[in-house]
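Q: I'd like to go over a predicted model; first the sequence, then the structure.
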Amino acid sequence: MSTYQKLQPSSAKDIIPSNTTNIPAPATDSFNGDNDLAETDHLNSLTIAKAVQSGTQTAVTADKLEDVGADFTAPTPVVVGNTVVNTDTNARATVTAVDSSTILSLDANIFSTGNENYQVYQGGFLNVTAPGDVVVDVDAGTFTTVKRVDSSTKLELNSNLFTGTETFIVYDASVQQINAQQAACVVYVGDASGSSATWSEIKVMTADRSVVTFSHFPTGTFLPVQVLRVYATGTNATNLIALW
(Lines give C-alpha, C1' and ligand atoms only; values in the text may rest on other atoms or scores of the structure.)
Protein backbone atom coordinates (compact mmCIF):
# COMPACT_ATOMS: atom_id res chain seq x y z
CA MET A 1 0.00 0.00 0.00
CA SER A 2 1.35 3.42 -0.92
CA THR A 3 1.57 6.17 1.71
CA TYR A 4 0.93 9.87 1.33
CA GLN A 5 1.26 13.04 3.35
CA LYS A 6 -2.10 13.78 4.95
CA LEU A 7 -1.05 17.22 6.21
CA GLN A 8 -2.27 19.79 3.68
CA PRO A 9 -1.85 23.28 5.20
CA SER A 10 -2.99 26.42 3.44
CA SER A 11 -0.26 28.72 4.76
CA ALA A 12 3.44 28.46 5.62
CA LYS A 13 6.13 30.74 7.03
CA ASP A 14 9.79 30.51 8.03
CA ILE A 15 10.20 30.47 11.80
CA ILE A 16 12.55 32.82 13.63
CA PRO A 17 13.14 31.26 17.07
CA SER A 18 12.57 33.65 19.98
CA ASN A 19 12.61 33.35 23.75
CA THR A 20 9.92 36.03 24.08
CA THR A 21 7.63 35.97 21.04
CA ASN A 22 5.24 33.39 19.62
CA ILE A 23 5.25 32.51 15.93
CA PRO A 24 3.13 35.25 14.27
CA ALA A 25 0.06 34.05 12.41
CA PRO A 26 -0.08 34.86 8.68
CA ALA A 27 -2.93 37.32 9.20
CA THR A 28 -0.67 39.62 11.24
CA ASP A 29 1.59 40.44 8.26
CA SER A 30 1.13 44.01 7.04
CA PHE A 31 4.25 44.63 4.93
CA ASN A 32 7.18 42.72 3.51
CA GLY A 33 9.97 43.78 1.20
CA ASP A 34 13.59 44.90 1.23
CA ASN A 35 15.25 47.65 3.23
CA ASP A 36 16.67 49.98 0.57
CA LEU A 37 18.56 52.60 2.59
CA ALA A 38 20.90 51.87 5.50
CA GLU A 39 20.15 54.21 8.40
CA THR A 40 20.80 53.52 12.08
CA ASP A 41 17.67 52.42 14.00
CA HIS A 42 15.46 52.80 10.91
CA LEU A 43 13.72 50.78 8.23
CA ASN A 44 13.40 52.40 4.80
CA SER A 45 11.51 51.02 1.81
CA LEU A 46 10.08 52.86 -1.18
CA THR A 47 8.52 49.69 -2.57
CA ILE A 48 5.77 49.55 0.06
CA ALA A 49 4.39 52.97 -0.97
CA LYS A 50 2.97 54.39 -4.22
CA ALA A 51 4.43 57.25 -6.27
CA VAL A 52 1.48 59.63 -6.71
CA GLN A 53 3.18 62.80 -7.99
CA SER A 54 6.28 63.58 -10.02
CA GLY A 55 7.81 66.62 -11.65
CA THR A 56 10.74 69.03 -11.69
CA GLN A 57 11.61 71.57 -9.02
CA THR A 58 11.36 75.15 -10.31
CA ALA A 59 12.77 77.24 -7.42
CA VAL A 60 15.40 76.75 -4.71
CA THR A 61 14.26 77.39 -1.14
CA ALA A 62 15.77 75.65 1.90
CA ASP A 63 13.69 72.72 3.17
CA LYS A 64 11.08 73.21 0.44
CA LEU A 65 9.92 71.56 -2.76
CA GLU A 66 8.60 74.19 -5.15
CA ASP A 67 7.12 73.33 -8.54
CA VAL A 68 4.95 75.93 -10.29
CA GLY A 69 3.63 73.26 -12.61
CA ALA A 70 2.43 70.97 -9.81
CA ASP A 71 -0.85 70.66 -7.96
CA PHE A 72 -0.07 69.06 -4.61
CA THR A 73 -3.74 69.33 -3.58
CA ALA A 74 -5.25 67.27 -6.43
CA PRO A 75 -6.10 64.78 -7.85
CA THR A 76 -4.31 62.77 -5.14
CA PRO A 77 -3.58 65.32 -2.41
CA VAL A 78 -0.16 65.19 -0.79
CA VAL A 79 -0.39 64.92 3.01
CA VAL A 80 1.97 65.40 5.94
CA GLY A 81 4.09 62.28 6.35
CA ASN A 82 4.42 61.50 2.64
CA THR A 83 7.91 60.86 1.30
CA VAL A 84 9.60 63.07 -1.30
CA VAL A 85 12.53 61.67 -3.29
CA ASN A 86 14.99 63.74 -5.29
CA THR A 87 15.32 61.23 -8.14
CA ASP A 88 18.53 62.88 -9.38
CA THR A 89 20.40 62.40 -6.09
CA ASN A 90 18.19 59.73 -4.42
CA ALA A 91 17.95 61.94 -1.32
CA ARG A 92 14.73 61.59 0.67
CA ALA A 93 12.69 63.84 2.92
CA THR A 94 9.34 63.83 4.69
CA VAL A 95 6.54 66.31 4.04
CA THR A 96 5.97 68.45 7.16
CA ALA A 97 3.39 70.83 5.64
CA VAL A 98 1.50 71.43 2.41
CA ASP A 99 2.09 75.18 2.03
CA SER A 100 0.11 75.53 -1.19
CA SER A 101 -0.74 73.68 -4.36
CA THR A 102 2.83 74.25 -5.59
CA ILE A 103 4.97 74.27 -2.41
CA LEU A 104 5.75 71.56 0.15
CA SER A 105 7.71 71.99 3.38
CA LEU A 106 10.21 69.18 4.06
CA ASP A 107 12.18 67.96 7.06
CA ALA A 108 15.45 68.06 5.09
CA ASN A 109 16.99 70.23 2.43
CA ILE A 110 17.18 67.80 -0.51
CA PHE A 111 16.79 70.32 -3.39
CA SER A 112 19.68 72.74 -3.65
CA THR A 113 20.71 73.20 -7.29
CA GLY A 114 17.46 73.85 -9.16
CA ASN A 115 15.67 71.89 -11.89
CA GLU A 116 15.97 68.62 -9.98
CA ASN A 117 13.41 65.86 -10.56
CA TYR A 118 11.27 64.41 -7.80
CA GLN A 119 8.61 61.86 -6.89
CA VAL A 120 6.14 61.94 -4.00
CA TYR A 121 5.27 58.62 -2.32
CA GLN A 122 2.03 58.06 -0.44
CA GLY A 123 0.43 55.28 1.62
CA GLY A 124 2.83 52.63 2.87
CA PHE A 125 3.50 52.67 6.60
CA LEU A 126 1.48 55.86 7.21
CA ASN A 127 -1.78 55.23 9.13
CA VAL A 128 -1.21 51.44 8.96
CA THR A 129 1.86 50.69 11.08
CA ALA A 130 1.96 51.80 14.72
CA PRO A 131 4.46 51.98 17.59
CA GLY A 132 4.91 48.53 19.11
CA ASP A 133 4.41 46.63 15.86
CA VAL A 134 7.02 43.93 15.27
CA VAL A 135 9.69 44.26 12.55
CA VAL A 136 11.73 41.22 11.50
CA ASP A 137 15.03 41.10 9.62
CA VAL A 138 14.35 37.87 7.74
CA ASP A 139 17.96 37.46 6.56
CA ALA A 140 19.51 37.76 10.04
CA GLY A 141 16.66 36.10 11.94
CA THR A 142 16.34 39.04 14.35
CA PHE A 143 13.54 41.39 15.27
CA THR A 144 12.66 44.61 17.08
CA THR A 145 9.63 46.87 17.45
CA VAL A 146 8.50 50.14 15.90
CA LYS A 147 9.30 53.26 17.90
CA ARG A 148 7.71 55.78 15.53
CA VAL A 149 6.26 56.00 12.03
CA ASP A 150 8.38 58.71 10.39
CA SER A 151 6.77 58.68 6.94
CA SER A 152 5.09 56.61 4.27
CA THR A 153 8.37 54.79 3.62
CA LYS A 154 10.30 55.07 6.89
CA LEU A 155 10.04 53.60 10.39
CA GLU A 156 12.10 54.49 13.43
CA LEU A 157 12.93 51.30 15.35
CA ASN A 158 13.73 50.60 18.99
CA SER A 159 17.04 48.98 18.02
CA ASN A 160 19.33 48.85 15.00
CA LEU A 161 18.23 45.97 12.76
CA PHE A 162 19.22 46.77 9.18
CA THR A 163 22.68 47.50 7.79
CA GLY A 164 21.94 47.07 4.09
CA THR A 165 19.35 45.60 1.76
CA GLU A 166 17.98 42.92 4.08
CA THR A 167 14.51 41.46 3.60
CA PHE A 168 11.95 42.49 6.22
CA ILE A 169 8.48 41.65 7.49
CA VAL A 170 6.35 44.07 9.50
CA TYR A 171 3.70 42.47 11.69
CA ASP A 172 0.63 44.58 12.39
CA ALA A 173 0.64 43.64 16.06
CA SER A 174 2.67 44.12 19.22
CA VAL A 175 4.53 41.29 20.89
CA GLN A 176 1.74 41.12 23.48
CA GLN A 177 -0.91 40.83 20.75
CA ILE A 178 1.03 38.15 18.88
CA ASN A 179 1.51 36.16 22.08
CA ALA A 180 -2.22 36.32 22.85
CA GLN A 181 -3.47 35.15 19.46
CA GLN A 182 -3.27 31.42 20.15
CA ALA A 183 -2.35 30.62 16.53
CA ALA A 184 -0.74 27.24 17.09
CA CYS A 185 0.94 25.61 14.10
CA VAL A 186 2.66 22.45 12.91
CA VAL A 187 6.46 22.77 12.73
CA TYR A 188 8.57 21.20 9.98
CA VAL A 189 12.17 20.64 11.08
CA GLY A 190 14.46 21.02 8.10
CA ASP A 191 18.04 20.83 9.38
CA ALA A 192 20.38 21.05 12.34
CA SER A 193 22.69 23.97 12.95
CA GLY A 194 26.27 23.82 11.76
CA SER A 195 26.22 20.41 10.14
CA SER A 196 24.32 18.00 7.95
CA ALA A 197 23.20 16.10 11.04
CA THR A 198 20.06 14.01 10.83
CA TRP A 199 18.81 15.05 14.26
CA SER A 200 18.37 18.26 16.22
CA GLU A 201 17.17 19.78 19.48
CA ILE A 202 14.03 21.92 19.47
CA LYS A 203 12.61 23.70 22.51
CA VAL A 204 8.97 24.73 22.04
CA MET A 205 5.88 26.06 23.76
CA THR A 206 2.92 23.85 22.89
CA ALA A 207 -0.67 24.95 22.25
CA ASP A 208 -1.52 24.50 25.93
CA ARG A 209 1.61 26.55 26.84
CA SER A 210 3.67 23.63 28.09
CA VAL A 211 7.41 24.14 27.47
CA VAL A 212 9.27 21.03 26.31
CA THR A 213 12.48 20.16 24.48
CA PHE A 214 12.52 17.49 21.78
CA SER A 215 16.00 15.94 21.93
CA HIS A 216 17.61 14.02 19.09
CA PHE A 217 14.60 14.78 16.92
CA PRO A 218 15.00 13.57 13.30
CA THR A 219 15.30 16.36 10.75
CA GLY A 220 13.11 16.37 7.68
CA THR A 221 10.04 15.56 9.77
CA PHE A 222 7.21 17.30 11.67
CA LEU A 223 7.00 17.85 15.41
CA PRO A 224 4.15 15.69 16.77
CA VAL A 225 2.50 18.59 18.62
CA GLN A 226 0.84 21.94 17.92
CA VAL A 227 3.32 24.76 18.63
CA LEU A 228 3.01 28.41 19.67
CA ARG A 229 6.70 29.29 20.07
CA VAL A 230 10.12 27.92 19.15
CA TYR A 231 12.75 29.09 21.61
CA ALA A 232 16.10 30.45 20.48
CA THR A 233 17.81 29.09 23.58
CA GLY A 234 17.70 25.30 23.60
CA THR A 235 17.16 24.98 19.84
CA ASN A 236 19.90 24.12 17.35
CA ALA A 237 17.55 23.26 14.49
CA THR A 238 17.48 25.51 11.43
CA ASN A 239 15.22 25.79 8.40
CA LEU A 240 12.12 25.57 10.57
CA ILE A 241 8.79 26.17 8.84
CA ALA A 242 5.42 26.90 10.46
CA LEU A 243 2.37 25.40 8.78
CA TRP A 244 -1.28 26.34 9.36
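A: Yep, that arrived. Numbers count the residues shown, from 1 in each chain.
Q: contacts and neighbour counts: CA atoms only from here.
A: Fine.
Q: Thr145: neighbour count?
A: 23 (other CA atoms under 10 Å).
Q: Give the helix, strand or coil label for the residue nearest to Ala49 when sequence neighbours are not counted.
A: For Ala49, ignoring the flanking residues on the chain, the nearest one in space by CA to CA, 6 or more residues apart in numbering is Gly124 at 4.2 Å. Three-state call for Gly124 (DSSP: H, G, I helix; E, B strand; the rest coil): coil.
Q: In contact with Gly124, which residues are there?
A: Applying CA atoms under 8 Å, 6 or more residues apart in numbering to Gly124 gives the contacts Ile48, Ala49, Lys50, Ser152, Thr153.
Q: Please point out which parts of stretch 124-142 sit buried.
A: Residues 124-126, 129-138 are the ones in stretch 124-142 that count as buried (16 or more other CA atoms under 10 Å).
Q: thinking again about what came up before, distance check, the residue nearest to Ala49 against Ala130.
A: 12 Å (CA to CA, to the nearest Å).
Q: tell me which strands and helices the longest strand anywhere in the chain is in contact with?
A: Identified as the longest strand of the chain according to DSSP state E is strand 142-151. When contacts are defined as 3 or more CA pairs under 8 Å, 6 or more residues apart in numbering; DSSP states H and E, strand 142-151 packs onto strand 134-137, strand 154-157.
Q: average model confidence for the first one?
A: The average pLDDT for strand 134-137 rounds to 94.
Q: Tell me, domain by domain, which residues of the chain belong where.
A: 12-22+183-243, 26-46+126-180, 52-122 (automatic domain parsing).
Q: my read is Ala108 is in a helix, agree?
A: No - assigned with three-state DSSP, Ala108 falls outside any helix and is coil.
Q: Next, the contact list for it, please.
A: Ala108 touches Asp63, Arg92, Ala93, Thr94, counting by CA under 8 Å, 6+ apart.
Q: Tell me where the model's unsure across this structure.
A: 1-7, 193-196 (pLDDT under 70).
Q: show me where this protein has helices.
A: 175-180 (DSSP state H).
Q: Can you give me the neighbour number for Asp107?
A: 15.
Q: what's across from Leu31 in the sheet?
A: Not Leu; residue 31 is Phe. Val170 (DSSP bridges).
Q: For it, give me its contacts.
A: Phe31 sits next to Ile48, Ile169, Val170, Tyr171 when contact means CA under 8 Å, 6+ apart.
Q: Could I get those in a markdown table, plus columns for distance to Gln182 and neighbour count?
A: Listed next are the contacts of Phe31 as a markdown table, based on distance: CA to CA, whole Å; neighbours: other CA atoms under 10 Å:
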| residue | distance to Gln182 | neighbour count |
| --- | --- | --- |
| Ile48 | 29 | 18 |
| Ile169 | 20 | 17 |
| Val170 | 19 | 22 |
| Tyr171 | 16 | 26 |
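Q: Appreciated, that's everything.
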